[in-house]
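Colleague: this one's structure only:
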């Protein structure tokens, strides 16, 4: 065999050894490449990013199966601002088996820098770390913000960073009072942990939250006007049986204005609403039903801590006055109000507890107070209400439970009762919203006379069931077609049952 | 295909030996300790503060790129990151000491954070009387504290912890912490994972600039518009809960004119509704 042939066979043998050697096949890197990577990382630490990138690019070419090299290369490319290349490298690292959450945090940062917000949020969530949660919260992910909330209690640079990030998140969502609380907390934590950059950013954010040229509005005013035509089947709420009940066709107008003003960490809301109805047919039989109603409501709400998911304590008051036929008939004046407690349960669910007082004075067409009468409907009442609200974005579900007690001037209208209700609000498309709901109200009226003598005849049990369905179609920006139907059925004894249904078709303008 | 790539890498590796010598490094591998002994396959990739390389009774400062010899030990005063030819990463916290023991590593004290890619080979790490089998794709923190014994906390993936002979190995996954003698899996360890991650970020100077990103996002975050609440949102009482024909207006009218639960004739007579005027004779 010639020398050349033996040399060729020798080279072939070396190659065959390489092919057959499992140990060699599993060695992804060699010491030389690792040394080069170390040199590249050191160059990056010195700020020599171009040199570092060149070294790492060479190392990546020499060790194409190394996830370690791919991640280090991606880091340097991110720092250089070469985002597309950084993204390719970090995806390569993940594909090569880099499983640590750090690589997903890095990917999230690269995608965020590229303005790929949705993908960045996914990558941040996949990391499953507090760093990933803060990245997600800074990109507007409410779930990430909820997970990051506990960190604001920590007296550390991490706590300061978390408070700052969650303050910005709340501010972007219009939760001005929560945002200001968190911004103040961030400043305190940043001072305590000597985090200068966080302190400066928190001060700037607090300034913007307080309003001004670059900041949010100091006051927001909104409103709506609706005009509708309604058909009602039993507008006089006549008892079943007997003569045919007059139906009504009416025109209704509603005008409402509302404002919100954040005052430090408190939220102040107020709204005023005016309703007007005019009967279009059968006006003589429907005397007094050209209604004019005025409602005023105001509330103040304060978070009990600086956390993003802090409970809120509030106080709400409402006044309503109802007149008929211009100012000829004064039907009633109502005052309602009381404290509320809102408890966030998770990012999309919260519970509201309220204890309210209700006072209604039926004025005209009611026995005068000076006359002792069991038919006097004027009352003072109490309500204890618990509401569970789940707002999942396009679908919102509400469940209510309440206890009622009324002490009326006329004993026939004393009430002990309970209520269960459920409502669903679904934005099925960007233009169409569907609503439906039902409520069941059980009331025990009385006792009248001496209950010991009359026994069960001293009280009357009534069941009032309501069903609602409605749809809202956006015709143009700020203009909506609204269709609603409300069905009411009150079941008691004979001569006390009544059913009423109203179908409304209207147009509404909002701003 | 894998074997062909392996052969190609072998050829490239042989060719790259000369090229490696040309690459500028901030510091060369120390010739006296690491090059004189067979390699464990681990190399110092990053280092902060004091990092000593021991061989027997001799020690010297470990530079970047220093290779951990087959029977050598590394003692960390600051923070250190080792890389292996098997594409693994090990981060050592202050006070840690690791020793190369054949194909395995031994954590003699302190904290070691091991990250293995899914393509890497399983790695054995000895700590105390345990043998911790770190499986491919795992990221795990191994701690040896004198009084508290050994702890293994899993961040990602899976490990098997082999205690004394006669006890079956325990498997640990994310959310698990292995402690005690014999080793037992419990939940927990999140604080230790946070600690090593924060140490690593601080030691590396936050290379991904996470803090800078978050501060900048907060600085430029748009302030959302305030939302208003309608009359029926500010307070939800009878009309909103029970439903009515047109909110407060409709319920008030209903309550004013609906059939009473008791008619007047059904109720015991009230009164006398009489007004009494008393005049005193002078």
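Modeller: Received, thanks. Here the structure is a predicted model, which means the values were calculated and not measured.
Colleague: Tell me where the stretch 1-150 of chain B has strands.
Modeller: Read by DSSP state E, counting those that start in this stretch, the stretch 1-150 of chain B holds these strands, from start to end of the chain: B:39-48, B:51-55, B:58-61, B:67-69, B:73-76, B:79-84, B:88-92, B:97-101, B:104-116, B:123-127, B:130-134, B:139-145, B:149-156.
Colleague: Turn those strands into CSV, columns for distance to chain A.
Modeller: Glycine gets a C-beta too; all of them are placed from N, C-alpha and C. Listed next are the strands of the stretch 1-150 of chain B as CSV, based on distance: least, Cβ to the nearest Cβ, whole Å:
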stretch, distance to chain A
strand B:39-48, 4
strand B:51-55, 13
strand B:58-61, 15
strand B:67-69, 6
strand B:73-76, 15
strand B:79-84, 5
strand B:88-92, 6
strand B:97-101, 14
strand B:104-116, 5
strand B:123-127, 12
strand B:130-134, 12
strand B:139-145, 4
strand B:149-156, 5
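Colleague: Quick one: those as CSV, columns for mean pLDDT and mean neighbour count too.
Modeller: Putting these into CSV (pLDDT from 0 to 100; neighbours: other Cβ atoms under 10 Å in any protein chain shown) gives the following:
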stretch, mean pLDDT, mean neighbour count
strand B:39-48, 84, 24
strand B:51-55, 91, 20
strand B:58-61, 89, 13
strand B:67-69, 85, 25
strand B:73-76, 93, 24
strand B:79-84, 93, 26
strand B:88-92, 94, 25
strand B:97-101, 90, 21
strand B:104-116, 92, 23
strand B:123-127, 92, 21
strand B:130-134, 93, 23
strand B:139-145, 94, 23
strand B:149-156, 93, 23
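Colleague: Out of those strands, which gets nearest to residue A:494?
Modeller: Relative to residue A:494, the nearest member of these by Cβ to Cβ is strand B:149-156, separated by 71.8 Å.
Colleague: just checking, what packs against that closest one?
Modeller: With contacts defined as 3 or more Cβ pairs under 8 Å, 6 or more residues apart in numbering or on different chains; DSSP states H and E, strand B:149-156 has these neighbours: strand B:130-134, strand B:139-145, strand B:176-179, helix B:190-204.
Colleague: Next, give phi and psi for residue A:114.
Modeller: Geometry field for residue A:114 lists phi and psi as phi -90, psi 0, criterion degrees, to the nearest 10.
Colleague: looking at it, it is touching residue A:87, isn't it?
Modeller: Yes: checked against Cβ atoms under 8 Å, the pair residue A:114 and residue A:87 is within contact range at 6.8 Å.
Colleague: In three-state terms, label residue A:87 for me.
Modeller: helix (DSSP: H, G, I helix; E, B strand; the rest coil).
Colleague: make that residue A:184, sorry
Modeller: Assignment for residue A:184 (three-state DSSP): helix.
Colleague: where does it land on pLDDT?
Modeller: We note a pLDDT of 90 for residue A:184 in this prediction.
Colleague: sorry, back to before: shared neighbours of residue A:114 and residue A:87, which are they?
Modeller: Both residue A:114 and residue A:87 lack any common contacting residue under the criterion Cβ atoms under 8 Å, 6 or more residues apart in numbering or on different chains.
Colleague: which residue packs closest to the closest residue to chain B within the stretch 351-500 of chain A, ignoring adjacent ones?
Modeller: Chain B sits closest to residue A:466 of the stretch 351-500 of chain A, with a gap of 3.2 Å, by Cβ to the nearest Cβ. The spatial neighbour of residue A:466 that comes closest, neighbours along the chain excluded (Cβ to Cβ, 6 or more residues apart in numbering or on different chains), is residue B:243 at 3.2 Å.
Colleague: wait, doesn't that neighbour sit right on residue A:486?
Modeller: Yes: checked against Cβ under 8 Å, the pair residue B:243 and residue A:486 is within contact range at 6.2 Å.
Colleague: Compare these two (neighbour count), which wins?
Modeller: Neighbour count, other Cβ atoms under 10 Å in any protein chain shown: between residue B:243 and residue A:486, residue B:243 has more, with 26 against 22.
Colleague: If you count contacts, what does the strand or helix carrying residue A:34 end up packed against?
Modeller: Assigned by DSSP states H and E, residue A:34 belongs to helix A:31-45. In this structure, helix A:31-45 packs against helix A:49-62, helix A:67-80, helix B:2-22, strand B:39-48, strand B:79-84, with contacts taken as 3+ Cβ pairs under 8 Å, 6+ apart.
Colleague: Is the residue of the stretch 351-500 of chain A closest to chain B in contact with residue A:490, as I believe?
Modeller: No: the pair residue A:466 and residue A:490 fails to qualify as a contact (Cβ under 8 Å) at a distance of 9.4 Å.
Colleague: ok, the nearest residue to residue B:106 once chain neighbours are set aside - contacts?
Modeller: The shortest distance from residue B:106 to any residue other than its chain neighbours is 4.2 Å, reached at residue B:126 (Cβ to Cβ, 6+ apart). Contacts for residue B:126 (Cβ under 8 Å, 6+ apart) come out as B:101, B:104-107, B:132.
Colleague: mind running it again at 10 Å?
Modeller: Going by Cβ atoms under 10 Å, 6 or more residues apart in numbering or on different chains, residue B:126 touches B:98-99, B:101-102, B:104-108, B:132, B:142, B:144, B:150, B:162.
Colleague: Is it bridged to anything, and to what?
Modeller: On DSSP bridges, the residues paired with residue B:126 through beta bridges are residue B:106, residue B:131.
Colleague: do the same with residue A:316
Modeller: Checking residue A:316 by DSSP bridges, which sets the bridge assignment, gives partners residue A:299, residue A:338.
Colleague: Would you mind measuring from it to residue A:264?
Modeller: Counting by Cβ to Cβ, to the nearest Å, the separation of residue A:316 from residue A:264 is 19 Å.
Colleague: Among these two, which residue is more densely surrounded?
Modeller: A side-by-side neighbour count of residue A:316 and residue A:264, using other Cβ under 10 Å, places residue A:316 first with 23 against 12.
Colleague: re earlier: comparing the helices and strands packed on helix A:31-45, which yields the minimum mean pLDDT?
Modeller: Of all the helices and strands packed on helix A:31-45, mean pLDDT reaches its minimum on helix B:2-22 (a mean of 44).
Colleague: Would you map the strands across the stretch 251-400 of chain A?
Modeller: So, for the stretch 251-400 of chain A - with DSSP E, counting those that start in this stretch - the strands run A:266-279, A:291-303, A:312-324, A:329-346, A:349-362, A:379-391, A:395-408.
Colleague: Can you lay out those strands as JSON lines showing distance to residue B:193 and mean pLDDT?
Modeller: Formatted as JSON lines, the entries for the strands of the stretch 251-400 of chain A read as follows, by distance: least, Cβ to Cβ, whole Å; pLDDT from 0 to 100:
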{"stretch": "strand A:266-279", "distance to residue B:193": "38", "mean pLDDT": "95"}
{"stretch": "strand A:291-303", "distance to residue B:193": "31", "mean pLDDT": "95"}
{"stretch": "strand A:312-324", "distance to residue B:193": "33", "mean pLDDT": "96"}
{"stretch": "strand A:329-346", "distance to residue B:193": "24", "mean pLDDT": "94"}
{"stretch": "strand A:349-362", "distance to residue B:193": "29", "mean pLDDT": "96"}
{"stretch": "strand A:379-391", "distance to residue B:193": "32", "mean pLDDT": "96"}
{"stretch": "strand A:395-408", "distance to residue B:193": "36", "mean pLDDT": "96"}
